[in-house]
Each structure stands twice: as structure tokens, then as C-alpha cells.
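In: return atomic coordinates for the entry below.
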Amino acid sequence: MPEHKATVAAEIGLHARAAAVFVRAVTATGLPVTIRKPGHPAVDARSLLEVMTEDFAHGCEVLLNVTADAVPAGKTLGEVDDALAALAALLEAPDAR
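Out: Okay, here's the model as predicted:
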């Protein structure tokens with residue numbers, strides 16, 4: 001089950017523009033990515049409303065995940081892992097607004 005940790009670097013957290021940039025990037029992967037805080041239920045990272053409602057604040061550690069059974073046909077686990085790594089890097093970029 002591919003999973004990556006990241007720390008939200010955007011000064012305002014995943015709200016407004018930063019959340020929209022992140023959600024667009026997730027959607028572009030074509031993967032059913034989820035995002036969650038440790039110890040909390042996951043939300044669909046393709047949904048701007050769910051991401052903004054969950055309140056991922058600046059400095060918040062998050063877990064990005066795609067369950068193995070949700071990997072689309074034609075995608076390898078390596079490709080999924082690479083996509084999650086790129087999304088984690090986006091979240092950790094201080095200028096991702």
C-alpha cells in the first residue's frame with residue numbers, strides 16, 4: 001500500500017489557492033489519493049471541499065495514500081509511489097500557493 005508522509009508548508013495551510021493547486025495535482029495523477037492527519041480518517045484528496053474542510057494547517061503532518069486494491073489497471077506500484085512522492089514534495093514546497 002503506497003503511502004507518503006509530508007508536512008504542509010503553505011503558510012495558510014491547505015486553504016484557498018494552496019488547496020486548489022494540490023487538488024489539481026492530485027486529479028492530474030488519475031489516482032484515488034487520500035490524505036489524512038495521523039490518527040484521523042482519510043478524505044478524498046481529489047475533493048477541494050473535503051481537503052479544505054479537514055483543516056490541514058501549516059506545519060501539519062499528513063499521510064498521502066492509495067490503497068493497493070484501488071490502483072488503476074495499467075499503473076504499477078512504482079508509478080503510484082512516484083506520484084505520491086511528487087505530491088508530498090508539492091505540499092512541502094514553501095512557495096506552493
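In: okay, strands next: where are they in the protein?
Out: With strands called from DSSP state E, the chain shows them at 3-7, 34-36, 43-44, 61-65.
In: for this structure, give me the ranges with low pLDDT.
Out: By pLDDT under 70, the weakly predicted segments of the chain are 1, 95-97.
In: what sits opposite Asn65 in the beta ladder?
Out: On the basis of DSSP bridges, Asn65 is bridged to Glu3, Thr34.
In: how near is it to Glu79?
Out: Between Asn65 and Glu79 the distance is 15 Å, computed by C-beta to C-beta, to the nearest Å. (C-beta placed from N, C-alpha, C; glycine too.)
In: count of residues packed around Leu48?
Out: Neighbourhood size, Leu48 [other C-beta atoms under 10 Å]: 18.
In: quick check: the nearest residue to Phe56 once chain neighbours are set aside vs Pro94, distance?
Out: Counting by C-beta to C-beta, 6 or more residues apart in numbering, Phe56 lies nearest to Leu14, which is 4.0 Å off, once chain neighbours are set aside. In this view, Leu14 and Pro94 are 14 Å apart by C-beta to C-beta.
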